[in-house]
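A.B. asks: Turn this into a structure:
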Amino acid sequence: MTDSSTAPAIVALCSDLFFASEIQGTGELHEIAVRLVDTDQEAIEAVSSNPTRLLVVDLRNPGLDCGQLIAGLPVPRPHVLGFYPHVQTEYLEAAQSAGFDEVVTRGRFSTDLIKFLS
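C.D. replies: Down below sits the predicted model:
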């Protein structure tokens, strides 16, 4: 079980309850601290206030502004990984333009979740 007194190593911006549960559950199973947040601003605050090595972003999150998110992160920033539905390439383009470190399809993210979190 993850020690709740330690700062999360991973922040996940994901309002999809199913995916959020999958991310958090996988983290707990492998003793990786994951903090779930719902908005860009919550993600920026979480990363700014705790040592974070990975920010996972569901690119379909309502109201997400990829550029604003990246610009608001502290320097040095964590690795920023976005995931999107493979048929909606506009999410890929927005994340790449904003400066995300890595962008993968939702299917690949789900399949390789533990690799991404480790």
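
A.B. asks: who are the neighbours in contact with residue 64?
C.D. replies: Neighbouring residues of residue 64 by C-beta atoms under 8 Å, 6 or more residues apart in numbering: 13, 40, 57-58. Where C-beta positions appear, they are placed from N, C-alpha and C, glycine not excepted.

A.B. asks: in this structure, what spans have low per-residue confidence?
C.D. replies: 1-8 (pLDDT under 70).

A.B. asks: where exactly do the helices run in it?
C.D. replies: Remark: helices assigned in the chain by DSSP state H are 17-29, 40-49, 66-72, 89-98, 106-111, 113-117.

A.B. asks: Make a markdown table out of these and add distance to residue 81.
C.D. replies: Output for these, formatted as a markdown table (distance: least, C-beta to C-beta, whole Å):
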| stretch | distance to residue 81 |
| --- | --- |
| helix 17-29 | 11 |
| helix 40-49 | 12 |
| helix 66-72 | 12 |
| helix 89-98 | 9 |
| helix 106-111 | 8 |
| helix 113-117 | 6 |
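
A.B. asks: residue contacts, the closest residue to residue 117 other than its chain neighbours?
C.D. replies: Leaving out its chain neighbours, the residue that sits closest to residue 117 by C-beta to C-beta, 6 or more residues apart in numbering is residue 32, at 5.2 Å. Contact partners of residue 32, counting by C-beta under 8 Å, 6+ apart, are 2, 9-10, 26, 117-118.

A.B. asks: how about 7 Å then?
C.D. replies: With C-beta atoms under 7 Å, 6 or more residues apart in numbering as the criterion, the residues that contact residue 32 are 9-10, 117.

A.B. asks: And it, how close does it get to residue 59?
C.D. replies: As judged by C-beta to C-beta, to the nearest Å, residue 32 and residue 59 stand 22 Å apart.

A.B. asks: swap in residue 26?
C.D. replies: Taking C-beta to C-beta as the measure, residue 26 falls 19 Å from residue 59.

A.B. asks: Tell me which of these two has more neighbours.
C.D. replies: Higher neighbour count among residue 26 and residue 59: residue 59, with 21 against 17, using other C-beta atoms under 10 Å.
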